[in-house]
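**Q** This is a predicted model, with the sequence first.
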Amino acid sequence: MIIPVRCFTCGKVIGSAYEPFRNRVENGEEPAKVLDDLGITRYCCRRMLLTHVDLIEEIKPFS
Amino acid sequence: MQIDVLEIEDTRAKLLIYDADPFIVNALRRTLMSDIPKMAIEEVDFHLGPIGTTEGGRVADGSSPLFDEIIAHRLGLIPIPTDLKRFNRRDECDHEPEKSCPLCTITYTLHKVGPCTVYSGDLEPINGPEFRPRDELIPIVELSEGQAIYITANAVLGTGKEHAKWQVTSGVGYKYYPSVTIDDSKCTDCRRCIEICPENVFEEMDGKVVVKNPENCSLCNTCVDECPDSIKVEGDRTKFIFSFETDGSLSAEETLKYALQHLADRFEALRESVSELK
């Protein structure tokens, strides 16, 4: 669906890091380095971004 | 108990606590997680019906692809800048608990017409610009053509005990202060410990293996398993490395000061009630 606001495990806000993360990875940067740079250091928070599947586009036409 | 600040930034802190016991440090950890008050959005009103027109002149309805409950939940999780001196808890405020006033509530409005992404930065605080969420890039919902959102939301004070949205800190933890020693007479300079240590504690210097970053050690004992003869890893049970981060609603310094004061007050209350016993 849409990126969760916070990490499920520790509660750190990760929603705001998703768009910079996605844009930088699409521009060819290495995901691990981008995550370090964005200050997302714990593996619970890192998996939130790494494993996210953005399905909001699919359900957008419906309301 | 003594506390030294190793590192402190706006939203994170690393402390060295010494002359302490694990239960005292754990009390501080639990206080930081569940007893610090902060503002979070608690009530959300969704306006329905036609609430805007798109650029093409089409009327947009108050509807979105996500359920209202999901949007309300996401709004609750957004960190709201909190001034603890300025606000009361609603149930301790000077009016009936169902009512609200500017001393206990921050009101926000959010009005956006699709197609667009709605961000936390689109929340408009009515009480003053200082309450605008500092993290402006959190996506709340995406809207397509013909969809729109118009809400009013109230933020109130609460603690992590009640709901995780009022939890100020994350990643609160501590470890014993590590001491790593190499017995040079038994070390064969095989350098296996440099390879296997996940925290880069060891380093080679002038052909010898030395302990470079002892504070990084997580006491995992991987090196001891590899080399039980010469490496010794121990944790000091009266000295701790303590770290935490905040979500940005309060600074790390404010949070720590509040937690220490709160702990002292609670111990004082306990002492008083015990001394009243006969």
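**A** Looks like it came in fine.
**Q** who are the neighbours in contact with the spatially most central residue of chain A?
**A** Central residue of chain A (CA atoms, centre = their mean): A:Leu49, 2.9 Å from the mean position. Under the criterion of CB atoms under 8 Å, 6 or more residues apart in numbering or on different chains, the contact list for A:Leu49 reads A:3, A:14, A:17-18, A:21, A:35, A:40. C-beta: built from backbone N, CA, C; applies to glycine.
**Q** ok, which pair from these is furthest apart?
**A** Using CB to CB, the contacts of A:Leu49 reach their maximum pairwise distance at A:Ile3 and A:Leu35, which is 13.9 Å.
**Q** circling back to that earlier point, just to confirm, which helix or strand has the residue nearest to the centre of chain A in it?
**A** Using DSSP states H and E, A:Leu49 sits in helix A:43-50.
**Q** Over to B:Asp225?
**A** Assessed by DSSP H and E, B:Asp225 sits inside helix B:222-226.
**Q** helices or strands next to that helix in the packing?
**A** When contacts are defined as 3 or more CB pairs under 8 Å, 6 or more residues apart in numbering or on different chains; DSSP states H and E, helix B:222-226 packs onto helix B:192-196, strand B:231-246.
**Q** If you count neighbours, what's buried in it?
**A** Within helix B:222-226, the residues scored as buried using 16 or more other CB atoms under 10 Å in any protein chain shown are B:223-224.
**Q** just the helices in the stretch 51-200 of chain B please.
**A** For the stretch 51-200 of chain B, applying DSSP state H, counting those that start in this stretch gives helices covering B:68-76, B:192-196.
**Q** the helices in chain A, which residues?
**A** Under the criterion DSSP state H, chain A contains helices at A:18-26, A:31-37, A:43-50, A:56-59.
**Q** Dump those helices into CSV; add mean pLDDT as well.
**A** Output for the helices of chain A, formatted as CSV (pLDDT from 0 to 100):
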stretch, mean pLDDT
helix A:18-26, 95
helix A:31-37, 95
helix A:43-50, 95
helix A:56-59, 87
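**Q** Tell me which of those is the most buried.
**A** Stretch with highest mean neighbour count among the helices of chain A: helix A:43-50 (a mean of 18; mean count of other CB atoms under 10 Å in any protein chain shown).
**Q** what's the angle between that one and helix A:18-26?
**A** Per axes from the mean of the first three to the mean of the last three CA atoms, to 10 degrees, the angle that helix A:43-50 makes with helix A:18-26 is 70 degrees.
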